[in-house]
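# Sharing a model prediction with you, sequence too.
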Amino acid sequence: MHADQKAGGEAAALTPRKAAALKAFEGLPHEPGVPKPDPILVVDKVVRRFGGLTAVNVDHLEIQRGSITALIGPNGAGKTTFFNQLTGFDTADSGTWTFNGKRMNGLPAHRVARAGMVRTFQLTKALSKLTVLENMRLGAQGQRGERFFQSLIPALWRRQEEEITRRAEELLERFKLAAKRDDFAGSLSGGQRKLLEMARALMVEPEMIMLDEPMAGVNPALTQSLLGHVKDLREQGMTVLFVEHDMDMVRDISDWVVVMAQGAVIAEGPPETIMSDERVIDAYLGAHHDAPLSVEEEEEQLHEAEAELEAEAGVTHEDGPAASPDRAEENVKERAE
Ligand SMILES: Nc1ncnc2c1ncn2[C@@H]1O[C@H](COP(=O)(O)OP(=O)(O)OP(=O)(O)O)[C@@H](O)[C@H]1O
């Protein structure tokens, strides 16, 4: 009975949108840059250098429409820098990327947002001296700019302002922040700020939302709620790309996982297999951790170990530092006895 209940629960969690997202990835090779059946974002040869450091060097990447894709990788892999390039918050040295078939490289952040691709930040950008509602209304700036000429006519402008407030209030309701509407954003908890950031990103009615570490700084009480909201974005037809270090969250909500290391995409695949992919384990633990040692490497390690033992034995011996390898050997023997 327990198994049935479990199966029922899982079936209930497999919504049509989730099923469609999973089907889109079925049978795809688990290789970096693998083409997707219906990509909303296509990235080619994006490079960003800081002095001598190549922070991003992504050869090819496609993000499947309507899916939740996780972007993972060790610290300093280039995930945030990559987000910054794609969303116009920084300028790539080279490369191209298209969103819904339109070239996005070179566009400033507000135009990228207006095209339907928005992002949130690792450290939330909520303006603490503005109220929650004011923060939400600011999120609609892209829409305002688009209707600049309408805004010259007061009646149209007022109607638009009312629309913006109505949408903001609806979203605050959905994200359970309605009671905080008139509080300063600075008074919110870390998790509530993350919710506000997500709600604010939705003010421009995006097609794709990019979340930079949505779980960072969120207390456990809000974790489930945040997860639910992210899944909900896909249920509403949006595409989600998120950076996250919390592997439970990655396993729980993503349909597909892209792994970055040292600026490049090194692996892609479904969450259940990607965590055991050797390339991924190597990237997290440091390259070649489990490759057999060469004779030279073995000798070098032996030598280093001996030198350490000798040094230790010399320092801790009553007679003072080891004067010679022989003396050190004696010290080691004495300690062993
Ligand atoms: N403005 C900058 N100037 C110089 N170096 C930078 C700059 N921004 C990022 N870097 C470097 O680029 C590399 C990639 O950094 P990035 O923050 O994109 O990695 P990340 O994968 O997002 O890491 P984390 O998971 O720790 O957030 C790092 O070595 C970082 O020090």
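All right, it came through fine.

# Go ahead and confirm residue 43 touches residue 56.
No. Counting by Cβ atoms under 8 Å, residue 43 stays clear of residue 56, with 9.9 Å between them. Where C-beta positions appear, they are placed from N, C-alpha and C, glycine not excepted.

# got the domain boundaries for this structure?
2-126+188-285, 295-336 (automatic domain parsing).

# most tightly surrounded among those domains?
Most buried of the domains of the chain, by mean neighbour count (mean count of other Cβ atoms under 10 Å): domain 2-126+188-285, with a mean of 18.

# Kindly provide the whole-number mean pLDDT of it.
Domain 2-126+188-285 comes out with an average pLDDT of 89.

# State whether residue 222 is indeed within a helix.
Yes. If the criterion is DSSP: H, G, I helix; E, B strand; the rest coil, then residue 222 is within a helix.

# and the gap between it and residue 132?
16 Å (Cβ to Cβ, to the nearest Å).

# got it, and residue 42?
Separation of residue 42 from residue 132 (Cβ to Cβ): 36 Å.

# can you give me phi and psi for the residue most central in space within the chain?
Nearest residue to the geometric centre of the chain (Cα atoms, centre = their mean): residue 243, 0.4 Å. With angles defined as degrees, to the nearest 10, residue 243 sits at phi -100, psi 130.

# shift numbering so it begins at 50
Happy to do that; since the first residue is 50 now, the last one works out to residue 292.

# Tell me if I'm right that it and residue 126 touch.
No. Residue 292 lies out of contact with residue 126 (Cβ under 8 Å); the separation is 9.4 Å.

# Give the other helices and strands that the one helix or strand residue 281 maps to contacts.
Residue 281 belongs to helix 269-284 when assigned by DSSP states H and E. Contacts defined by 3 or more Cβ pairs under 8 Å, 6 or more residues apart in numbering; DSSP states H and E place helix 269-284 against helix 65-74, strand 117-121, helix 239-250, strand 288-292, helix 296-302.

# before we move on, the earlier item: relative to the ligand, how far out is the residue nearest to the centre of the chain?
The span separating residue 292 from the ligand equals 7 Å under the rule Cβ to the nearest ligand atom, to the nearest Å.

# export the helices and strands packed on helix 269-284 to CSV and tack on distance to residue 141?
Shown next, in CSV, are the helices and strands packed on helix 269-284 (distance: least, Cβ to Cβ, whole Å):
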stretch, distance to residue 141
helix 65-74, 27
strand 117-121, 16
helix 239-250, 22
strand 288-292, 17
helix 296-302, 26
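
# interface residues of the protein facing the ligand?
Residues of the chain found near the ligand (Cβ under 6 Å from any ligand atom) are 99, 102, 104, 122, 124, 125, 126, 127, 128, 129, 130.

# which SS state does the closest residue to the fourth one other than its chain neighbours fall under?
Translated: residue 122. Nearest residue to residue 122, sequence neighbours excluded (Cβ to Cβ, 6 or more residues apart in numbering): residue 309, at 3.8 Å. Under three-state DSSP, the three-state class of residue 309 is strand.

# re earlier: for residue 210, find the nearest of the domains of the chain.
Of all these, it is domain 51-175+237-334 that lies closest to residue 210, at 13.0 Å by Cβ to Cβ.
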